[in-house]
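S.K.: Got a predicted model here, sequence first, then my questions.
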Amino acid sequence: MVALMVLSQPIVSVLFQRGAFDARAAILTGQALICYSLGLWAFSIIRVYISAFYSLKDSKWPLKAALIAFGVNIIFSVLLMYPLKHNGLALANSFAVIINIFVLNMALKKKIGKFLDKLFYMSIAKIILSSLVMLGVILLINYYLSWDITANFQDKAIYLLVTIVAGAFSFFIVAYFLKSREIHALVKLVKNRLGRS
């Protein structure tokens, strides 16, 4: 999520900036991508919550949460559309899905009690710390290799490749040494796959 926000314009520019889709269009799209990225974490876990309710034979709360989120989306779209233009609509969408998650989380907690333990919060803290280090690495690269949206495709692609590789490498290294369960599980999975081949 952090990398997507910081590298929103380079990503959009490299993937789409050509022909009628000029630098200004890339900048505007990049701004919207930043706003959508704020709710990316909520988009990624909402299916988990919905599946949990379905496993409890409860389809009412997912519907209630969706209706509340829909209302929030409309309200924030109206409030933010004029001052922030297209970014306001993207931001409203992110707010809505985050509210959806919080409603589902509270409802699930009432049904089954506390389900997020200390290990979960420690894991989140390690991910956040690793993401901050990755952010620092990307900003450091940007300091020495300033992003230029008017540069040719090859230069922009090289910039994007360098920042993604360096950022991802720093994230995985820090997360690994912090003993992130998810990263260690991923490393173990890769080792097992390579061992079979």
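M.R.: Structure received.

S.K.: For the rest of this, base every contact and every neighbour count on C-alpha atoms.
M.R.: Will do.

S.K.: Show me what counts as buried in the helix or strand of the chain with the lowest mean pLDDT.
M.R.: Lowest by mean pLDDT, DSSP states H and E among the helices and strands of the chain is helix 181-196, with a mean of 86. Neighbour counts over helix 181-196 (16 or more other CA atoms under 10 Å) mark Arg181, Ile183, His184 as buried.

S.K.: Identify all contacting residues around that helix.
M.R.: Applying CA atoms under 8 Å, 6 or more residues apart in numbering, the contact partners of helix 181-196 are Ser123, Phe172, Ala175, Tyr176.

S.K.: Which residues are in contact with the second one?
M.R.: What that stands for is Phe172. Ser130, Ile183.

S.K.: Can you say which helix or strand has it in it?
M.R.: Using DSSP states H and E, Phe172 sits within helix 153-177.

S.K.: Using PDB, list the CA coordinates for the least confident helix or strand of the chain.
M.R.: C-alpha atoms of helix 181-196 as PDB (Å, rounded to 0.1, in the frame of the first residue of the first chain):
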ATOM      1  CA  ARG A 181       5.400 -15.000  10.500                       C
ATOM      2  CA  GLU A 182       4.000 -14.200   7.100                       C
ATOM      3  CA  ILE A 183       7.500 -13.600   5.500                       C
ATOM      4  CA  HIS A 184       9.000 -16.700   7.200                       C
ATOM      5  CA  ALA A 185       6.000 -18.700   5.900                       C
ATOM      6  CA  LEU A 186       6.600 -17.400   2.400                       C
ATOM      7  CA  VAL A 187      10.300 -18.200   2.600                       C
ATOM      8  CA  LYS A 188       9.500 -21.700   3.700                       C
ATOM      9  CA  LEU A 189       7.000 -22.200   0.900                       C
ATOM     10  CA  VAL A 190       9.500 -21.000  -1.700                       C
ATOM     11  CA  LYS A 191      12.200 -23.300  -0.300                       C
ATOM     12  CA  ASN A 192       9.700 -26.300  -0.400                       C
ATOM     13  CA  ARG A 193       8.700 -25.500  -4.000                       C
ATOM     14  CA  LEU A 194      12.400 -25.200  -5.100                       C
ATOM     15  CA  GLY A 195      13.200 -28.400  -3.300                       C
ATOM     16  CA  ARG A 196      10.500 -30.300  -5.300                       C
END
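
S.K.: can I see the domain layout of this structure?
M.R.: As assigned by the TED database, the chain contains the domains 1-113, 116-196.
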